[in-house]
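[1] Structure of the sequence below:
(one chain, ligands or ions: 1)
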Amino acid sequence: MMQYNERRELKIRLATENDVNLIYHWRNDPSTRKYFFDDSEIEKSNHEKWYLESLVIPSRHILIAEYIECPVGVVRFDVKGNIAEVDIYTSPGSRQQGAGTIVLEAAINWVKKNLKNVEKVVAKVKPQNVPSLRVFEKNNFKHDYIALGLNIND
Ligand SMILES: CC(C)(COP(=O)(O)OP(=O)(O)OC[C@H]1O[C@@H](n2cnc3c(N)ncnc32)[C@H](O)[C@@H]1OP(=O)(O)O)[C@@H](O)C(=O)NCCC(=O)NCCS
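    Residues are numbered from 1 along each chain as shown. Sure, this is the predicted structure:
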């Protein structure tokens, strides 16, 4: 198994139109979807529409992390005022080998450098999503509020 522990091999770049399929496959993989609040399978055409629109929303920043030139993770920031909400996933084949930890770290550094008005980054994580909780905790995120949800139609 690979270990993603050489931080200098990790590069962050902005996502482009060319990443549409890569992001579709990672996001639609059952191992990714099961931890999302909306875990349904995504239609390709819906994804393409969402993605291409996302690329031009000024408050949305989608980053691709590459390790030794190979894409390994996607991080999205949605900025409202001085708060950025983060969403992260790594390639299904790379999980639990340290990638998520350094991808999040590099993405936060990107925010510090490029989004000077952002003062706080928040993440919504399902309580059972231990790998995600660990990755945020290892990057110094604190449990500073609890979000509760009610499904009206259940
Ligand atoms: C969440 C995600 C980005 C983490 O990336 P990753 O590359 O797997 O993370 P890492 O390998 O850097 O770290 C995972 C940590 O979780 C721990 N972990 C993984 N599975 C675990 C389990 N079942 N129980 C306890 N700890 C677990 C690992 O041991 C590691 O912690 P450690 O370094 O303290 O040992 C990735 O798993 C992913 O894309 N998941 C699907 C999408 C998702 O849930 N995104 C987050 C939405 S908020």
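[2] Can you name the residues of the chain that neighbour the ligand?
    32, 35, 87-90, 94-101, 123, 125, 129-132, 134-135 (C-beta under 6 Å from any ligand atom). In short, each C-beta sits where N, CA and C put it, glycine included.
[3] Dump the host helix or strand of residue 71 to PDB, restricted to CA.
    Assigned by DSSP states H and E, residue 71 belongs to strand 70-80. The C-alpha atoms that make up strand 70-80 are tabulated as PDB, following Å, rounded to 0.1, in the frame of the first residue of the first chain:
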ATOM      1  CA  CYS A  70      -1.600  12.100 -10.100                       C
ATOM      2  CA  PRO A  71      -5.000  13.400  -9.100                       C
ATOM      3  CA  VAL A  72      -5.800  12.200  -5.600                       C
ATOM      4  CA  GLY A  73      -8.400  14.500  -4.000                       C
ATOM      5  CA  VAL A  74     -11.000  17.200  -4.600                       C
ATOM      6  CA  VAL A  75     -11.800  20.000  -2.200                       C
ATOM      7  CA  ARG A  76     -14.600  22.400  -2.500                       C
ATOM      8  CA  PHE A  77     -15.000  25.700  -0.600                       C
ATOM      9  CA  ASP A  78     -18.200  27.700  -0.600                       C
ATOM     10  CA  VAL A  79     -17.600  31.100   0.900                       C
ATOM     11  CA  LYS A  80     -20.300  33.100   2.700                       C
END
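[4] Give the partner strands of that strand in its sheet and their orientations.
    Strand pairing for strand 70-80, using DSSP bridges, gives strand 60-67 (antiparallel), strand 83-90 (antiparallel).
[5] and that strand, how far out from the chain's middle?
    Chain-centre distance of strand 70-80: 4 Å, with C-alpha atoms, centre = their mean, to the nearest Å.
[6] For this structure, which residue gets nearest to the ligand?
    residue 100 (2.1 Å; C-beta to the nearest ligand atom).
[7] So what's the predicted local confidence for that residue?
    As predicted, residue 100 sits at a pLDDT of 98.
[8] From here on, call the first residue 56.
    Got it, first residue is 56 now, which makes that one residue 155.
[9] Now do the contacts for it.
    128, 143, 145, 186, 187, 190 (C-beta atoms under 8 Å, 6 or more residues apart in numbering).
[10] most surrounded residue in the residues you listed?
    Most neighbours among those, by other C-beta atoms under 10 Å: residue 145, with 27 neighbours.
[11] measure it to residue 162 for me?
    11 Å (C-beta to C-beta, to the nearest Å).
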